[in-house]
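[1] Mind looking at a prediction? Sequence and model below.
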Amino acid sequence: MPTALITGATAGIGAAFARRLAKDGTDLVLVARDGERLAGAAAALGKEFGTGVEVLVADLATDEGIAAVEARLADPERPVDLLVNNAGFGLRDGFLTVPLARELAMVKLHIEAVLRLTTAAVPGMRERGRGGVVNVASVAAFLPRGTYGASKSWVVQFTQGAARDLAGTGVRLLALCPGFTRTEFHQRAEVDMSEVGGWMWLSADRVVDDALRDLARGRSVSVPSRRYKVLVAAARKAPLAALGGISSRAGRRLDRR
């Protein structure tokens, strides 16, 4: 049975990945900070799908948490075939309003953890001649909007570069860039989303379906839904000054998930 390790696996896009992969017959390693919630998710998935589910309690905004997941990914006796770097969070306020400690925690989680976990997982995959990594970014990666957008832009650039370097090895890397997705993400960030039109929302299941399809096709970037493909294409062509104005008016509501 193939095995997938998913970070931020108890809610939102991470939980949707877990459900879809369990349904497909994949054994799971679920990573999150909340041990009680992890245990509940593992029990529910095992009961519904009969798949093997392992839990690993780790805070990926800390060195200890990252190291624990690195060790699991590098274990040659228990290979991981798919890594989903999904853990992340948003910030409601702007630069100099958000405490520096929160900004640094975001950089550690969105950048350092993604780099270190990908680096831990890929050598074994390359040696076996197969495997995949999905790094969850955001449409915010294509808009100038603070540390969140900058960190997600790094995820996209890193993933595309690594995918080119690994071409022909059997290891595929994908940067997943969803728009507004119905999850707990904005609620946790205390961001009011009431003004966002219903047509802009995606389901987490839809996001996961698109991601796995694009990974199978060998793409390095996945932007779920036609509406967000159009938005991203326009953002890539628009002047930086215009994008800055749009991003400022939208505030941090453009953060994904």
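    Cool, the structure landed. Residues are numbered from 1 along each chain as shown.
[2] Show the backbone phi and psi for Val171.
    Val171 adopts backbone torsions of phi -100, psi 130, taken as degrees, to the nearest 10.
[3] burial count for it?
    Residues lying near Val171 (other CB atoms under 10 Å) number 23. (Each C-beta comes from the backbone N, C-alpha and C, glycine too.)
[4] So what sits opposite it in the bridge?
    Taking DSSP bridges as the rule, Val171 bridges to Gly131.
[5] Could you report the neighbour count for Arg217?
    Neighbour count of Arg217, defined by other CB under 10 Å: 10.
[6] per-residue pLDDT, it?
    What the model reports as pLDDT for Arg217 is 97.
[7] so how far is Arg33 from it?
    Distance, Arg217 to Arg33, by CB to CB, to the nearest Å: 33 Å.
[8] cool, and Val155?
    20 Å.
[9] the more surrounded of these two?
    Neighbours were counted for Val155 and for Arg33 using other CB under 10 Å; Val155 has more, 24 against 16.
[10] Let's test this: mean pLDDT of the helix or strand containing the more buried one, rounded?
    In this structure, Val155 is located in helix 146-165 according to DSSP states H and E. In this model, helix 146-165 has a mean pLDDT of 97.
[11] Run through the neighbouring helices and strands of that helix.
    In terms of contacts (3 or more CB pairs under 8 Å, 6 or more residues apart in numbering; DSSP states H and E), helix 146-165 is packed against helix 100-107, helix 113-128, strand 131-136, strand 171-176, strand 221-222.
[12] which residues in the stretch 1-150 of the chain form helices?
    Listed in chain order, the helices of the stretch 1-150 of the chain (DSSP state H, counting those that start in this stretch) span 12-23, 35-49, 63-73, 100-107, 113-128, 146-165.
[13] what angle separates the shortest one from helix 146-165?
    Using axes from the mean of the first three to the mean of the last three CA atoms, to 10 degrees, the direction of helix 100-107 lies 20 degrees away from that of helix 146-165.
[14] before we move on, back to that, any chance of the helices and strands packed on helix 146-165 in CSV, plus mean pLDDT?
    Listed next are the helices and strands packed on helix 146-165 as CSV, based on pLDDT from 0 to 100:
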stretch, mean pLDDT
helix 100-107, 96
helix 113-128, 98
strand 131-136, 98
strand 171-176, 98
strand 221-222, 98
